[in-house]
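1. need coordinates for the following:
(chains A, B, C and D)
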2 protein chains.
Amino acid sequence: MSNQSDCCAPLAREPIAKDDAVEMARILKAVADPVRLRLLSLIAARDADTCVCDLLPDFDLSQPTISHHLKILREAGLIGSERRGTWVYSWVIPETLDRLSALFATSKAEV
Amino acid sequence: MSNQSDCCAPLAREPIAKDDAVEMARILKAVADPVRLRLLSLIAARDADTCVCDLLPDFDLSQPTISHHLKILREAGLIGSERRGTWVYSWVIPETLDRLSALFATSKAEV
DNA sequence: CGTCAATATTGACATACATCGATACCAGGA
DNA sequence: TCCTGGTATCGATGTATGTCAATATTGACG
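-> Below is the predicted model of the structure:
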């Protein structure tokens, strides 16, 4: 029943299936890091797409390290990225955030 | 402004503070594992408290390993546990689930 | 007490991960 | 066509993590 784009009822509703647990844990691993959580938040809190160069100054980390973290967020489907000339811009994919939010929802009543 | 029980606005609302990112990443690490996600779900989906002995048969893992995972969930504030005679029972702490759910909320409109 | 069943702790091990410096790749401009 | 600046990849390294077998702890019950 669960596919990529619409996976699993809230944790508290019914025991999550093994495969779904693997899939959601993959996404959760991507956000289970202070640096990536901040990167994601910086990108998500903007109205416009975010240039990587705007993110770097906020961290005491090397450019390769930030690039590495962005790749992990991208592979988890949490952000999208695109090169525009010299710069690379990123944006949030809200559907993936929604999946996480729904996963932890506790109100058993719903649609 | 943010304390333990009510930390940080949704990621997408404003850039998360460094300390909050560390704190939330700590909790997220606890759920970023397929086994712990299933444990949490099994416990959360029940009406009554869950005996550890009821959880073991669902996994192809040793008892010490399950015990280890439960400890991590406990230390993250996701579940509570209590010994009653021979058995140890666990229950979910919904406030912590709510914090996670709220963290990923995308609708900018709210209370 | 002494035993037994349920759970926790310890120590060891292999694997995964965050980070860096060095370097490669790309696109724009002289 | 060659530089230059922004970004990605690579290789190395130290640390964290998931797992187990062995053992300790806890509490119930003879």
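
2. what pLDDT is listed against the residue most central in space within chain A?
-> Among the residues of chain A, the one closest to the centroid is residue A:78, at 2.9 Å (Cα atoms, centre = their mean). The score at residue A:78 is 98. That number is its pLDDT.

3. now swap in the one 10 residues further on and tell me
-> In the prediction, the pLDDT value recorded for residue A:88 is 98.

4. what sits closest to it if chain neighbours are left out?
-> residue A:52 (5.1 Å; Cβ to Cβ, 6 or more residues apart in numbering or on different chains). In short, each C-beta sits where N, CA and C put it, glycine included.

5. could you pull out the strands for chain A?
-> A:50-51, A:79-84, A:87-92 (DSSP state E).

6. so which elements touch the shortest one?
-> In this case it means strand A:50-51. Applying 3 or more Cβ pairs under 8 Å, 6 or more residues apart in numbering or on different chains; DSSP states H and E, we find strand A:50-51 packed against strand A:87-92.

7. for the residue nearest to residue A:42 when sequence neighbours are not counted, give me its contacts.
-> Closest residue in space to residue A:42, ignoring its immediate chain neighbours: residue B:15 at 5.0 Å, by Cβ to Cβ, 6+ apart. Residue B:15 makes contact with A:38, A:41-42, A:45, according to Cβ atoms under 8 Å, 6 or more residues apart in numbering or on different chains.

8. looking at those, which one is closest to DNA strand D?
-> Nearest to DNA strand D out of the contacts of residue B:15 is residue A:42 (Cβ to the nearest atom of the strand; 13.5 Å).

9. that closest one against residue A:51, yeah?
-> No: using Cβ atoms under 8 Å, residue A:42 is not in contact with residue A:51, being 11.0 Å away.

10. comparing these two, which shows the higher neighbour count?
-> Neighbours per residue (other Cβ atoms under 10 Å in any protein chain shown) separate residue A:42 from residue A:51, with residue A:42 holding more: 19 against 14.

11. interface residues of chain A facing DNA strand D?
-> A:51-53, A:56, A:63-64, A:67-68, A:70-71, A:81, A:86-88 (Cβ under 7 Å from any atom of the strand).

12. any stretches of chain A with poor pLDDT?
-> Residues of chain A that meet the criterion pLDDT under 70 lie in A:1-6, A:108-111.

13. quick one: end-to-end distance for stretch A:75-89.
-> With Cα to Cα, to the nearest Å as the measure, the first residue of stretch A:75-89 is 15 Å from its last.

14. just stretch A:85-99 next, same as before
-> 33 Å.

15. count of residues packed around residue A:97?
-> 22.

16. now do the spatially closest residue to it that is not a sequence neighbour against residue B:77, distance only.
-> In space, and not counting its chain neighbours, residue A:97 is closest to residue B:104: 4.7 Å by Cβ to Cβ, 6+ apart. Computed as Cβ to Cβ, to the nearest Å, the residue B:104 to residue B:77 distance reads 18 Å.

17. that older thread, the residue nearest to the centre of chain A: what's its closest spatial neighbour, skipping adjacent residues?
-> Excluding the flanking residues, the one nearest residue A:78 by Cβ to Cβ, 6+ apart is residue A:96, at 5.1 Å.

18. list the contacts for that neighbour?
-> A:27, A:76-78 are the contacts of residue A:96 under Cβ under 8 Å, 6+ apart.

19. on that earlier part again, neighbour count winner among residue B:104 and residue B:77?
-> Comparing residue B:104 with residue B:77 by other Cβ under 10 Å, the one with more neighbours is residue B:104, at 23 against 16.
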